[in-house]
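Visitor: My questions concern the predicted model and sequence given below.
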Amino acid sequence: MKWLIKQLLPVRVVRQIQHAVVLFRIVVHRLRWAAHVFGENAVGLGTFDGFDIAYRIGSVDIAVLWHSFSKDIFLREIPEYSLRPDAVVLDVGAHIGTFSLLAATKAPRGRIFALEAARDTFNLLSINVALNHLRNIFVDHLALNDRTGMAKLSHDPDGNYGNSITKQFSTSSENVPCTTLSQYLDDREIRQVDLIKFNCEGAEFPILLASAADVLQRIGKMIILYHCDLVQGASASALIEHLAASGFETRIANQTSERGWIIATRRPAGSAS
């Protein structure tokens, strides 16, 4: 039968079929491996707004999926902004990849860099990028910080998207590689960034406060979810002052007593502060 198919179909089509079969086998293997690793949080596979997504059944992944894609909460907060087709986007705290996948479809000629510190979650991020055949997404098992080396990622017992390198939640943790924003941009040879989304559970403070103005000036726009309750002595005002001194206009959205979003937009060159 295989011989007959090869005879009847063009070589190009046969190669595409073979490539698809290999990719399918790789994805199935990764899903089986992930299901074994996650134990009682079995891995499910579903289609959400046209995206194929592997996720942990019965986990907070469900909540993440609920506010992703057509219900995306991030780009919706900046309605005045649209990604260019060749935009460069950093997704810091990418989780299972839903925002990265959406950004990759809106910037098909661009580059999306998805960073996730938790190993189990990073594995699902990698799987979801493969499932959706988006070759403009580049994934890194990495935490951004104010230094390079290793950091302890504390596991949040209330849900995997609350893991943090700035606050210890429990005795459960893992050691993860970390680097600075400046070093990451240099390592990835990124000269300019159109948009960064920070959702990294407290690490936004050491990342940004340790970044010099010339580094931040390489960024056009930022969506920063800040968590004052996860960093001792942290304040949103200190972050806003640092951003303003680095040439950004800011506004706050979704504010509560200790959390909120900072929307930061780089001021045009030569404009008054």
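Guide: Thanks, I have it. What you see is a predicted model, and the numbers here were worked out from it, not measured in a lab.
Visitor: For the stretch 101-250 of the chain, which segments count as helices?
Guide: Assigned by DSSP state H, counting those that start in this stretch, the stretch 101-250 of the chain shows helices spanning 119-131, 181-187, 204-209, 213-216, 236-245.
Visitor: how about the strands in the stretch 101-250 of the chain?
Guide: Under the criterion DSSP state E, counting those that start in this stretch, the stretch 101-250 of the chain carries strands at the ranges 111-116, 137-141, 143-144, 149-154, 173-179, 193-198, 219-227, 248-253.
Visitor: Please write out the alpha-carbon positions of the second one in PDB.
Guide: Read that as strand 137-141. Only the C-alpha atoms of strand 137-141 are listed here, as PDB (Å, rounded to 0.1, in the frame of the first residue of the first chain):
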ATOM      1  CA  ILE A 137       7.400  31.400  18.300                       C
ATOM      2  CA  PHE A 138      10.700  30.700  20.200                       C
ATOM      3  CA  VAL A 139      10.400  29.200  23.600                       C
ATOM      4  CA  ASP A 140      12.800  29.400  26.600                       C
ATOM      5  CA  HIS A 141      12.700  27.500  29.900                       C
END
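Visitor: What is the distance between that strand and the centre of its chain?
Guide: Chain-centre distance of strand 137-141: 8 Å, with C-alpha atoms, centre = their mean, to the nearest Å.
Visitor: What strands line up against that strand, and which way round?
Guide: strand 111-116 (parallel) (DSSP bridges).
Visitor: How about the longest one?
Guide: Paired strands of strand 219-227, with direction, are strand 193-198 (parallel), strand 259-266 (antiparallel) (DSSP bridges).
Visitor: tell me how far it is from the chain's mean position?
Guide: Distance of strand 219-227 from its chain centroid, counting by C-alpha atoms, centre = their mean, is 12 Å.
Visitor: what is the orientation angle of that strand with strand 248-253?
Guide: Counting by axes from the mean of the first three to the mean of the last three C-alpha atoms, to 10 degrees, strand 219-227 lies at 40 degrees to strand 248-253.
Visitor: and what of the fourth one?
Guide: Using the same axes, to 10 degrees, the inter-axis angle of strand 149-154 relative to strand 248-253 is 10 degrees.
Visitor: so for strand 149-154, what's the average pLDDT?
Guide: Average pLDDT, strand 149-154: 98.
Visitor: Kindly report the same for the third one.
Guide: Average pLDDT, strand 143-144: 98.
Visitor: ok, back up a step: looking at the strands of the stretch 101-250 of the chain, which is buried most?
Guide: Comparing the strands of the stretch 101-250 of the chain by mean neighbour count (mean count of other C-beta atoms under 10 Å), strand 143-144 comes out on top with a mean of 28. (C-beta placed from N, C-alpha, C; glycine too.)
Visitor: tell me what that one is packed against?
Guide: The elements that strand 143-144 packs onto, with contact taken as 3 or more C-beta pairs under 8 Å, 6 or more residues apart in numbering; DSSP states H and E, are strand 173-179.
Visitor: Centre of the chain to the strand it packs on, how far?
Guide: Chain-centre distance of strand 173-179: 16 Å, with C-alpha atoms, centre = their mean.
Visitor: before we move on, back to that, and of the helices of the stretch 101-250 of the chain, who's closest to Gly97?
Guide: Evaluated with C-beta to C-beta, the helices of the stretch 101-250 of the chain place helix 119-131 nearest to Gly97, the distance being 4.3 Å.
Visitor: now the closest one, how far from the centre of its chain.
Guide: For helix 119-131, the distance to the chain centre is 11 Å (C-alpha atoms, centre = their mean).
Visitor: For the strands of the stretch 101-250 of the chain, give me JSON lines that also has distance to Leu83.
Guide: Output for these, formatted as JSON lines (distance: least, C-beta to C-beta, whole Å):
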{"stretch": "strand 111-116", "distance to Leu83": "10"}
{"stretch": "strand 137-141", "distance to Leu83": "14"}
{"stretch": "strand 143-144", "distance to Leu83": "21"}
{"stretch": "strand 149-154", "distance to Leu83": "29"}
{"stretch": "strand 173-179", "distance to Leu83": "25"}
{"stretch": "strand 193-198", "distance to Leu83": "7"}
{"stretch": "strand 219-227", "distance to Leu83": "10"}
{"stretch": "strand 248-253", "distance to Leu83": "19"}
